[in-house]
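1. Please find the sequence and the predicted model below.
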Amino acid sequence: MDISVLLFDLLIILVSARILAELFSYFGSPGVIGELSAGILIGPSLLGLVEINTVIE
């Protein structure tokens, strides 16, 4: 696996989790709910932006 793909996937995961956590906190919900929502959104179950591999798993 190419290291640049791995780093890009990690960047997508961290940024989306942070953005949705802040958004949910702004509306009065716990930030963890936003982080979980980010995982569902970018994971293979919905948008499929990040593929599961041995490193991320």
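-> Here it is on my side, so go on. Numbering: from 1, shown residues only.
2. make it CA atoms for all contacts and neighbour counts henceforth
-> OK.
3. Report the distance from the strand or helix carrying Ile13 to the chain centre.
-> Ile13 belongs to helix 3-26 when assigned by DSSP states H and E. Here helix 3-26 is found 5 Å from its chain centre; the criterion is C-alpha atoms, centre = their mean, to the nearest Å.
4. Can you spell out which helices and strands pack onto that helix?
-> In this structure, helix 3-26 packs against helix 31-42, with contacts taken as 3 or more C-alpha pairs under 8 Å, 6 or more residues apart in numbering; DSSP states H and E.
5. now the farthest one out in this protein, which residue is it?
-> Distance from the C-alpha centroid of the chain peaks at Gly28, with 20.4 Å (C-alpha atoms, centre = their mean).
6. what separates it from Leu36, distance-wise?
-> 16 Å (C-alpha to C-alpha, to the nearest Å).
7. List the contacts of the most centrally placed residue in the chain.
-> For the chain, Ile13 is the residue whose C-alpha lies nearest the centre (C-alpha atoms, centre = their mean; 3.2 Å). For Ile13, the contact set (C-alpha atoms under 8 Å, 6 or more residues apart in numbering) comprises 38-39, 42, 50.
8. Next: Glu51.
-> With contact set as C-alpha under 8 Å, 6+ apart, Glu51 has these partners: 43-44.
9. does it count as helix, strand or coil?
-> For Glu51, the assignment made with DSSP: H, G, I helix; E, B strand; the rest coil gives coil.
10. pLDDT wise, what is Ser16 at?
-> Note for Ser16: predicted pLDDT of 94.
11. residues near it, how many?
-> 19 (other C-alpha atoms under 10 Å).
12. what residue ranges in the protein score low on pLDDT?
-> Scanning the chain with the threshold set as pLDDT under 70 gives 1.
13. switch the cut-off to 80
-> Counting by pLDDT under 80, the chain has low-confidence residues at 1, 45-49, 51-57.
14. related to what we said a few turns ago, tell me which helix or strand the residue farthest from the centre of the chain sits in.
-> Short version, using DSSP H and E: Gly28 is in no helix or strand.
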